[in-house]
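J.: Here is the input, now give the coordinates:
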Amino acid sequence: MPTTGNDSDIVKWLSIANRYTRIALDRRLQPYRLNASMYYYILRLHEQPRLTQDKLISLTYLNPSNVTRAVNQLVNLGYVRKRQSKLDRRVYELSLTKRGERLYPEIVKIRQEVANSLLTEIPAADHDALVDQIRQLALTAVANETPGPAQD
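T.: Residues are numbered from 1 along each chain as shown. Predicted coordinates for the structure are as follows:
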């Protein structure tokens, strides 16, 4: 891909933004023994109590084994409860524990502070449009990924 004077390599800049955003989240979440790969599950489980593990997998666009591993870590940390469904014994329902619910507002605050630090140079009026464009890029990337061995 030819570069221009403004270095318009979208893949490069998305990768850099992702890497440094994860570093910032990891640093801020460390006191809770969480990282950038785990906090998202607490957000979703607060919004959708008794979410099944299968549904959580479909929300994350990640390999099922990665989701299972993260959920098990959250269970071990005491933030998430995992129960077999009474209706279908093959299905596991996930919910936040009281400890997980207490942590939820702090995670929301941390995520917002990290987002605010990313957006300091972008006019506030452009924030929603930027998020919409990045969401579209992400969904296009998911749609364009050919089935094959899962990679994260």
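J.: contacting residues around the most centrally placed residue in the chain?
T.: In the chain, the centroid-proximal residue (Cα atoms, centre = their mean) is residue 40; its distance is 4.0 Å. Applying Cβ atoms under 8 Å, 6 or more residues apart in numbering to residue 40 gives the contacts residue 60. For glycine as for every other residue, the C-beta is placed from the backbone atoms N, C-alpha and C.
J.: shift numbering so it begins at 646
T.: Yes, from this point I'll number from 646; that puts the last item at residue 685.
J.: Can I get the host helix or strand of it as CSV, trimmed to CA atoms?
T.: Element membership for residue 685, per DSSP states H and E: helix 684-692. Extracted as CSV, the C-alpha positions of helix 684-692 are listed here (Å, rounded to 0.1, in the frame of the first residue of the first chain):
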residue,chain,number,x,y,z
TYR,A,684,-13.8,-6.1,31.7
TYR,A,685,-16.2,-6.3,28.7
TYR,A,686,-17.9,-9.4,30.2
ILE,A,687,-18.8,-7.6,33.4
LEU,A,688,-20.4,-4.8,31.3
ARG,A,689,-22.5,-7.2,29.3
LEU,A,690,-23.6,-9.3,32.2
HIS,A,691,-24.7,-6.2,34.1
GLU,A,692,-26.8,-5.1,31.1
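J.: Identify the residues contacting the following helix or strand past that helix?
T.: Once helix 684-692 ends, the next helix or strand along the chain (criterion: DSSP H and E) is strand 696-697. When contacts are defined by Cβ under 8 Å, 6+ apart, strand 696-697 is touched by residues 689-690, 730, 736-740.
J.: any idea which helix or strand comes after strand 696-697?
T.: Going down the chain from strand 696-697, the next helix or strand is helix 698-705, by DSSP H and E.
J.: after that following helix, next one along is what?
T.: helix 709-722.
J.: between that next one and helix 684-692, how big is the angle?
T.: Going by axes from the mean of the first three to the mean of the last three Cα atoms, to 10 degrees, helix 709-722 is angled at 70 degrees with respect to helix 684-692.
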